[in-house]
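Engineer: For reference, the sequence and a predicted model appear below.
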Amino acid sequence: MERIKHSLSTSSAFLVYLLIIMIAVFTAINPNFFSAENFLTILRSSSYSGIFAIGFLFVLLSGGLDVSFASIATIGQYVTGTILIQIPGMPWPIVVIVPLIVGVLLGSFNAFMIHKLNAPPLIITIAVQNILFGVLQFITKGHWLYNFPKWFNQFPLTLVVSTTNANGVKYGLSVLTVIWFAVALIAAFILNRTIYGRRLYAMGGNVEAARRAGINILKYRIFAYGFLGFCSGLAGLVHTMVTQTVAPNTLVGNEFYTIAAVVLGGASIFGGSGSVFGTVLGVIIMAVLTNALTIMRVPAYWHQAFLGAILIGSMAVTAANSRRAMKKG
Amino acid sequence: MENFITMRNICKNYIGVQALKDVDFSLRHGEIHCLVGGNGSGKSTLIKVLSGVVKPEPGAEIIIDGKVFSHLSVQDSIDQGIRVIYQDLALFPNLSIKENIAFFLYGETKSPIVDWKMVDQRARAAMEIIGLTINPDRKVGSLTIAEQQLVEITRSLVGELKLLILDEPTASLTRKEVNALFEAIYKLQERGISSMFVSHKMNEIFEIAEKVTVIRDGEIIGVYPPAELDDEKLVFLMTGKSFQTEPPEPIQGDPGNILETRALTKAGEFENVSISVKKGEIVGITGLLGAGRTELALSIFGMNHADSGEIFIDGKKQDISSNVVARKLGIAYVPEDRLSQGVILDQPIIENLTVTVFDKFVDKFGLMNMKKRRSEAGQMVDDLLMKISSLDAPMRTLSGGNQQKGVLAKWLATEPKILILDEPTVGIDVYAKNSVYELIKELAKEGMGIILISDEILEVLSNCHRVLVMQQGQIVYELTPGPDSADELLEKFNLA
Amino acid sequence: MTEKIRNWSKRNSDIAALPFILIAVIVIMTAATSGKFLSKGNLSALSSQLPELGLLSLAMMVVIITNGINLSIISSANLVSVLMAIFMTRTITAETSTGMIWLIVLAAILLGIIISIILGAINGGLIAYIGLPPMLATLGTMLLYEGITLTITKGFVISGMPDIFVEYSYAKILGVPLPLLTMILALIVVGIILERRPFGKYLYLIGSSETVTRFSAIDTKKTIVKAYVMSGILAGIAGMVMLSRFNSANARSGSSLQLLTILISVLGGTDPNGGFGKVLGLTMSLLILQFITSGLNLLGVTQFITLALWGILLIAVIAYRRFTEHKHSS
């Protein structure tokens, strides 16, 4: 109890209150908003961005940055899609594992270059993003992939817990949401209870001190970026399951949605602090906001301006908070 | 007691410089040793060889507890129980005190799972040895520098510690904290743990050191019992020369105050500070680090606005809202931390020397006259006898002493009326120190008002007209240096 | 003379190789396209694409020098051009007299500059006064500016600029197209500011160490804001040039130029970690990359492969610099 109180006293508490206020306001404006079905839909549709966000949190914690994860995910999607279409009888574990391996490899490659070239991660990953996207567009010629095997259509519709609504339509907790939360739990365990997680935090707090403490910086960068690669592969897979199509530019160009969610979730933009719980909240707040804007029929053109304003606002609050904390010390 | 560490034939070459020449060094179990040397003497390189950061040239032999190494890796060094505490602390500000303290345990346990209970117990046990009574759950980033240093010392007690190496450990501690540190060192000694202090001056460390090794130009000059050493002899051993400081020339008549503060106060930093500096006067401010000296200096320099109180420059009341205003009023400040506040290492020397006076070279088209700038920068180099290869070379190519002269030069270029020097001789060798002292006295003679902030008592006593003692944010004592001043300060304030 | 060249290349080791690369690119491209590269049509196509890229790269370079980055240059340029387009199309009707149109166009340009200054000042303010890292601050404003543009245009293209405004992109003085002249003027002005104005020099010093520069009694916060304002103005001018050339404005034009502007800066010798970079280097790398793009275009290489190539080249340049820097220091 003491621990929960303690963790709530930090930035997460602010997010919980923000979420409650948002839900209250949106419900007052449009009562349709407040229903278990709507909330479960929000959770299902944000499961892939939730997985992206957890991966991105690892990189941010390590003191890094990556804008290439959406193109890594798209590469994974095309690999999965191609396997599904070309070899329909391929056992499902292979279909699942291959994009994850692709993600880990490409993520590790990012880490390796950032480390060896000692260049700003942003510049390296912008370059990588363009390389991957350019090659992808060239190879696929921009073609979409669809018509996947039956099991691939059916699996994402699985409901772990379900009930029926007034119209007799079944709804419930989607298996995709469960995958997202499972990744979140594992990530939280890694970060809080294993030496790898603690060292990642340490490295984000003071790289030089970490080096002197004998931490292999390259190894931990590969760990962070590789984990983001893994999450990207998985998020791509989940996204494919949701949309049942693979297109070159549905994920690319929306990286900033993920970055905004993680920063909103209280992760420090300077590395070394942030939590899985906060990140999950950040994703949910972003999803609730988008959903509410849609339900309230705010034109889609407005969404991005909102998003930008929220990102800047939340970063400004974080920066002001960290400066106040510094002054106190 | 047998030797814990024996080092033989340690050499290290950098481009054109031999940092270590055939160094032999040994240390016994439980020994308290002090390694003294000037800047660039090779003492830090020797420490880096021990901590595994620097690899010595082939042919070196390092024997630790009977195990023979040709060189150590960082992990080797940690595995052998060697811990180094550098002056720039290596803590994780975003983690709790207890996690910082127990951090090394992560590498030792077989399981990758963190045992938070054990972390807590081990951290508390280690904190008890040092006598550290802060809540172990607090984040290190919220602690004062002195507290952080204690955390770092505490941290080295966790795990298999055999040798603790401390780089200038007492520089930022109060006497009380120093005593606590010594207590801890004795406790370590009882357990057979050796300690090694690294320093560039004579200080408290000599109270407990059993042996003092002097190193100069990469060579060991000798190993002495501390009783055989005094300041003069040590300076001679460290430099091969003896120096004598002349006191500043007395001020003629009453030239009037160039600077005066009245009841300057900033919550939590300094309180009710009223000081004055005459034209041509050198006023020393001493006291322990954390007494509020730098904060006071910065408030006069416009970088730390006081909550209340008044500042008079040349008799006129001024509101110094920024250092741009301060510069216009003729105030110059040579910062405490040369490397992060004084010089831009990557940029050319000429930029570093002229940054404060770019506007001076602007012609009627609004553009800088580069020829004029080059010739003036050249003049500065000549005036301060700086040794440089070219004005276009990066600042990092200069020695510490020449870098510090560069900082002085860029401020003298603004033709200040008041010069504030915050620890101007830290980390520079004895030659450079002496030329800084000469320069200060020369400037005072020309009518500049100078504030010299230093925690080296002898430095302020031998170079100032007047010395103020600052404690916990207040000026508590004032004296005019005399033959008994050093003893007086030691007696009254425990300032060694 | 040779002595002088040798000294220059010693002092400018980062960009000394660029003139040779430039010549090599011209020779190779001319040979590969059997002369088409140097044809009049291609050269005039080149000179029409060059200005906006040059202006945007300058906008990127001035902030990279301060150890910053500006991801919002493209969205700033688009917002400026959209607002100008709306202003001109709304105020000019069929009955408006020529004199009045001139006045409106001038007012639109003034409006564009003012908006550029505001957009730049927002970036600079977030970075200098709020303390956000440049990449995240400008990432946010990139989204915001683009979002505002989308909201204003509802995703549509605004077209139908007045003739005299469109004519700017065709008109020539002494055979040099006006946009090209604009870019050359901008290169010279920015070059002089960086080399000879105290403000320009401060940018380099801030790029290497903001703290030391602040301790030297320089108002670094104001200087950083000014740098982003300068970046905003250059981006805004690029927006105007594009508006004139395409005779239309929309929210998403030119988004592929982002990477290219960073690449041009870095290839031109600007240190991605700040503190160093010259307009001369930028000019040469601008020409090199524009020539390669145009040559590959003539050879029928798809734009996506070109995009990937830019990414590879950027990493290769950083790797090369890193490698040679190692050789120097050890």
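Structural biologist: Structure's in. What do you need? Numbers count the residues shown, from 1 in each chain, chains lettered A, B, ... in the order given.
Engineer: Which secondary structure state is assigned to residue A:42?
Structural biologist: The three-state assignment at residue A:42 reads helix, by DSSP: H, G, I helix; E, B strand; the rest coil.
Engineer: mind checking pLDDT for it?
Structural biologist: Per-residue pLDDT puts residue A:42 at 93.
Engineer: wait, what's in contact with it?
Structural biologist: A:284, A:287-288, A:291 (CB atoms under 8 Å, 6 or more residues apart in numbering or on different chains). In this view, the C-beta of every residue, glycine as well, is placed from N, C-alpha and C.
Engineer: tally of neighbours for residue B:67?
Structural biologist: 9 (other CB atoms under 10 Å in any protein chain shown).
Engineer: could you redo the contacts of residue A:42 as CSV and give each row neighbour count, distance to residue A:149 and pLDDT?
Structural biologist: CSV is the format used below for these (neighbours: other CB atoms under 10 Å in any protein chain shown; distance: CB to CB, whole Å; pLDDT from 0 to 100):
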residue, neighbour count, distance to residue A:149, pLDDT
A:284, 20, 32, 95
A:287, 22, 29, 92
A:288, 20, 34, 92
A:291, 18, 31, 87
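Engineer: and the end-to-end length of stretch C:83-97?
Structural biologist: Terminal residues of stretch C:83-97 lie 22 Å apart, using CA to CA, to the nearest Å.
Engineer: Centre-most residue in chain C?
Structural biologist: The residue lying closest to the centre of chain C (CA atoms, centre = their mean) is residue C:56, at 1.5 Å.
Engineer: My read is that it contacts residue C:231, right?
Structural biologist: No - using CB atoms under 8 Å, residue C:56 is not in contact with residue C:231, being 9.6 Å away.
Engineer: which residues do those two both contact?
Structural biologist: What both residue C:56 and residue C:231 touch, as defined by CB under 8 Å, 6+ apart, is the set residue C:73.
Engineer: Going by distance to residue C:278, which of the contacts of residue A:42 wins?
Structural biologist: residue A:287 (46.8 Å; CB to CB).
Engineer: quick one: the nearest residue to residue C:143 once chain neighbours are set aside from residue C:75, how far?
Structural biologist: Excluding the flanking residues, the one nearest residue C:143 by CB to CB, 6 or more residues apart in numbering or on different chains is residue A:308, at 3.3 Å. The gap separating residue A:308 from residue C:75 is 9 Å, by CB to CB, to the nearest Å.
Engineer: Need phi/psi at residue B:60.
Structural biologist: phi -80, psi 150 (degrees, to the nearest 10).
Engineer: residue contacts, it?
Structural biologist: Residue B:60 neighbours (CB under 8 Å, 6+ apart): B:7-11, B:49, B:70-71.
Engineer: and with 10 Å instead?
Structural biologist: For residue B:60, the contacting residues are B:7-12, B:20, B:22-23, B:49, B:69-72, by CB atoms under 10 Å, 6 or more residues apart in numbering or on different chains.
Engineer: just residue C:29 next, same as before
Structural biologist: Taking CB under 10 Å, 6+ apart as the test, what residue C:29 contacts is C:36-38, C:42, C:291-292, C:294-296, C:298-299.
Engineer: So which of those residues belong to helices?
Structural biologist: C:42, C:291-292, C:294-296, C:298 (DSSP state H).
Engineer: is any part of stretch B:190-204 close to chain A?
Structural biologist: No - Stretch B:190-204 lies apart from chain A when judged by CB under 10 Å from any CB of the partner chain; the minimum separation is 15.6 Å.
Engineer: for stretch C:74-92, that is, sorry about that
Structural biologist: Yes - applying CB under 10 Å from any CB, one finds that stretch C:74-92 is in contact with chain A at residue C:75.
Engineer: ok, back up a step: distance check, the residue nearest to residue C:143 against residue A:48.
Structural biologist: Following CB to CB, the distance that separates residue A:308 from residue A:48 is 22 Å.
Engineer: Where does residue 317 fall, secondary structure wise?
Structural biologist: I'll assume chain A. Taking DSSP states H and E as the criterion, residue A:317 maps to helix A:300-328.
Engineer: hmm, I had chain C in mind actually
Structural biologist: Going by DSSP H and E, residue C:317 is part of helix C:303-329.
Engineer: Now do the same for that helix: mean pLDDT, whole number.
Structural biologist: pLDDT averaged over helix C:303-329 gives 81.
Engineer: quick one on the thing from earlier: CSV for the ones in helices among the contacts of residue C:29, including pLDDT and neighbour count?
Structural biologist: Shown next, in CSV, are the ones in helices among the contacts of residue C:29 (pLDDT from 0 to 100; neighbours: other CB atoms under 10 Å in any protein chain shown):
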residue, pLDDT, neighbour count
C:42, 83, 19
C:291, 90, 21
C:292, 89, 19
C:294, 87, 19
C:295, 88, 21
C:296, 89, 18
C:298, 87, 17
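Engineer: Chain A next: which of those residues are close?
Structural biologist: Of these, not one also sits near chain A (CB under 10 Å from any CB).
Engineer: can you pull the contacts of the spatially closest residue to residue C:192 that is not a sequence neighbour?
Structural biologist: Using CB to CB, 6+ apart and skipping the chain neighbours, the partner closest in space to residue C:192 is residue B:367 (6.9 Å). If you count contacts by CB under 10 Å, 6+ apart, residue B:367 has them with B:361, C:192-193, C:195-198, C:200.
Engineer: And the contacts of residue A:42, which is closest to chain B?
Structural biologist: residue A:284 (24.9 Å; CB to the nearest CB).
Engineer: Next, count neighbours for residue B:64.
Structural biologist: 23.
Engineer: can you check the one 10 residues further on too?
Structural biologist: Other residues within reach of residue B:74 by the criterion other CB under 10 Å amount to 18.
Engineer: okay, it: pLDDT?
Structural biologist: 84.
Engineer: Let's have the contacts of residue A:42 in a markdown table, adding secondary structure and distance to chain C.
Structural biologist: What follows is the contacts of residue A:42, written out as a markdown table (DSSP: H, G, I helix; E, B strand; the rest coil; distance: CB to the nearest CB, whole Å):
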| residue | secondary structure | distance to chain C |
| --- | --- | --- |
| A:284 | helix | 20 |
| A:287 | helix | 17 |
| A:288 | helix | 19 |
| A:291 | helix | 18 |
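Engineer: what about the helix or strand containing residue C:80, average pLDDT?
Structural biologist: Take DSSP H and E as the rule and residue C:80 turns out to sit in helix C:73-91. Confidence over helix C:73-91 (mean pLDDT, whole number) is 95.
Engineer: Which positions within that helix qualify as buried?
Structural biologist: C:73-85, C:87-89, C:91 (16 or more other CB atoms under 10 Å in any protein chain shown).
Engineer: what's the angle from that helix to helix A:300-328?
Structural biologist: With axes from the mean of the first three to the mean of the last three CA atoms, to 10 degrees applied, the angle from helix C:73-91 to helix A:300-328 works out at 130 degrees.
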